[in-house]
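> how would this look folded up:
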Amino acid sequence: MATSLLNQLKEMTTVVADTGDLEAIRRFQPKDATTNPSLILQAAQQEERRARLASIAKDSTDLDDAVDRVAVDIGSEISKLVPGYVSTEVSARLSFDRDATIAKAHSLIERYAQHGVGPERILIKMASTWEGIQAARQLERDGIRTNLTLLFGFAQAQACADAGATLISPFVGRILDWHKARSPEADFSGANDPGVQSVKRIYDYYKGHGYPTIVMGASFRNVDEIQALAGCDRLTISPALLNELDELQGELPRQLTPMGASSSIEQALAQADFRWEMNEDEMATDKLAEGIRKFMADQRKLEELLSALRQG
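This next block holds a predicted model:
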């Protein structure tokens, strides 16, 4: 009996919903769900949430408090629909502030506890800057699990593994976007997709050296990229692409398989080495900076929405 590509994918990879849309989560029944400032903004703009948002906005002490309360409120709803992790992101404003990121993470975990959601269910997301990665190192020691996002370069992946992050989110589609913009005539299909190649390299490195950090491919532009990474630990996928996978039939062969781990662990990257490697990687540097700016732009839009509701 034929089965959808989505069902086949779920047999070899943990499927994660990349959305704050509760109806989409109910339909596709992923194990985990991820959010970010852009997705929280989309969810907040849904008409059925308006009264709830207004109540939160008016009860908050300031806009920063309101933004965190909205993120946790949506995350808590999502936690009732998925059995695994819910990822919630710290403000992009804190991307270069280790101590503030740590404090914000603890605050978010405390807010979740007030909703009856334990820390074992939450992944605190932060950008894979040097400061974000070092914040993750401390948070993991504090018993708070982390998701390092906006990850585009191999140096970022190395440093995240060194820090003991629970999970990383290497971006596939945005890497492809960067290369297509510079070489529009090139063939980036299938195995030639540079985003797919990046995730495969990271996956093989982690498995080959025995790092426990989960590799979760993210930011997909098409189902071909997803199929090319079948077998990855986790893949976080938008509702539109989940729907496409659910409607497609055919055979989905496994592409990534964990190899036996070696006993040797690479020497940890020092800060100077990390910054040098990032400087040498033009794509990773460009996309990390752009990603932080875009997330911050959407957070400002959310702040404007909440400000208007506070005054309404």
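> just checking, what packs against the longest helix along the chain?
In the chain, taking DSSP state H as the definition, the longest helix is helix 282-311. Applying 3 or more Cβ pairs under 8 Å, 6 or more residues apart in numbering; DSSP states H and E, we find helix 282-311 packed against helix 37-44, helix 50-59, helix 63-79, strand 122-127, strand 146-151, helix 154-163, helix 173-182, helix 271-280. Heads up, the C-betas are built off the backbone N, CA and C, glycines and all.
> Could you rerun that using 7 Å?
If contacts are counted by 3 or more Cβ pairs under 7 Å, 6 or more residues apart in numbering; DSSP states H and E, helix 282-311 sits against helix 37-44, helix 50-59, helix 63-79, strand 146-151, helix 173-182, helix 271-280.
> got CSV for those, with mean neighbour count, distance to residue 159 and mean pLDDT too?
Shown next, in CSV, are the helices and strands packed on helix 282-311 (neighbours: other Cβ atoms under 10 Å; distance: least, Cβ to Cβ, whole Å; pLDDT from 0 to 100):
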stretch, mean neighbour count, distance to residue 159, mean pLDDT
helix 37-44, 21, 23, 88
helix 50-59, 16, 36, 90
helix 63-79, 21, 26, 94
strand 146-151, 29, 9, 98
helix 173-182, 18, 18, 97
helix 271-280, 14, 5, 98
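> any chance of those in a markdown table, plus distance to residue 4?
Compiled in a markdown table, these are given as follows (distance: least, Cβ to Cβ, whole Å):
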| stretch | distance to residue 4 |
| --- | --- |
| helix 37-44 | 24 |
| helix 50-59 | 34 |
| helix 63-79 | 23 |
| strand 146-151 | 27 |
| helix 173-182 | 22 |
| helix 271-280 | 39 |
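> So which bits of the longest helix of the chain are buried?
Neighbour-count burial for helix 282-311, counted by 16 or more other Cβ atoms under 10 Å, picks out 283-285, 287-288, 291-292, 294-295, 298-299, 302-303, 305-306, 309-310.
> By mean pLDDT, flag the weakest helix or strand of the chain.
Within the chain, no helix or strand scores below helix 37-44, which has a mean of 88 by mean pLDDT, DSSP states H and E.
> Just the residues contacting that one, thanks.
Here helix 37-44 makes contact (Cβ atoms under 7 Å, 6 or more residues apart in numbering) with 19-21, 49, 53, 70-71, 74, 89, 92, 295, 298-299, 301-302, 305.
> How far does it sit from its chain's centre?
A distance of 14 Å separates the centroid of the chain from that of helix 37-44, by Cα atoms, centre = their mean, to the nearest Å.
> Next, the angle from that helix to strand 122-127.
When axes from the mean of the first three to the mean of the last three Cα atoms, to 10 degrees is applied, the directions of helix 37-44 and strand 122-127 differ by 120 degrees.
> Just the angle for helix 37-44 relative to helix 282-311, thanks.
Interaxial angle, helix 37-44 versus helix 282-311 (the same axes, to 10 degrees): 30 degrees.
> Residue 141: how many residues sit nearby?
Residue 141: 10 surrounding residues under other Cβ atoms under 10 Å.
> confidence score at it?
What the model reports for residue 141 is a pLDDT of 98.
> What separation do you get for it and residue 165?
Applying Cβ to Cβ, to the nearest Å, the value for residue 141 to residue 165 is 12 Å.
> Might you list the low-confidence residue ranges for this protein?
By pLDDT under 70, the weakly predicted segments of the chain are 1-2, 260-266.
> Go again with 80.
1-2, 259-267, 312 (pLDDT under 80).
> list the buried ones in the helix or strand hosting residue 133?
Using DSSP states H and E, residue 133 sits within helix 130-141. By 16+ other Cβ under 10 Å, the buried positions in helix 130-141 come out as 130, 131, 132, 133, 134, 135, 136, 137, 138, 139, 140.
> of all the residues you listed, which comes closest to residue 59?
residue 139 (27.8 Å; Cβ to Cβ).
> thinking that closest one is in contact with residue 105, fair?
Yes. If you go by Cβ atoms under 7 Å, residue 139 and residue 105 touch, sitting 5.3 Å apart.
> which residues do those two both contact?
Residues touching both residue 139 and residue 105 by Cβ under 7 Å, 6+ apart: residue 124.
> Going by distance to residue 200, which of the buried residues of helix 130-141 wins?
Using Cβ to Cβ, residue 133 comes nearest to residue 200 of the buried residues of helix 130-141, at 21.6 Å.
> Give me the distance between that closest one and residue 277.
From residue 133 to residue 277 the distance is 13 Å (Cβ to Cβ).
> Please report how far residue 28 lies from residue 256.
Counting by Cβ to Cβ, the gap from residue 28 to residue 256 is 21 Å.
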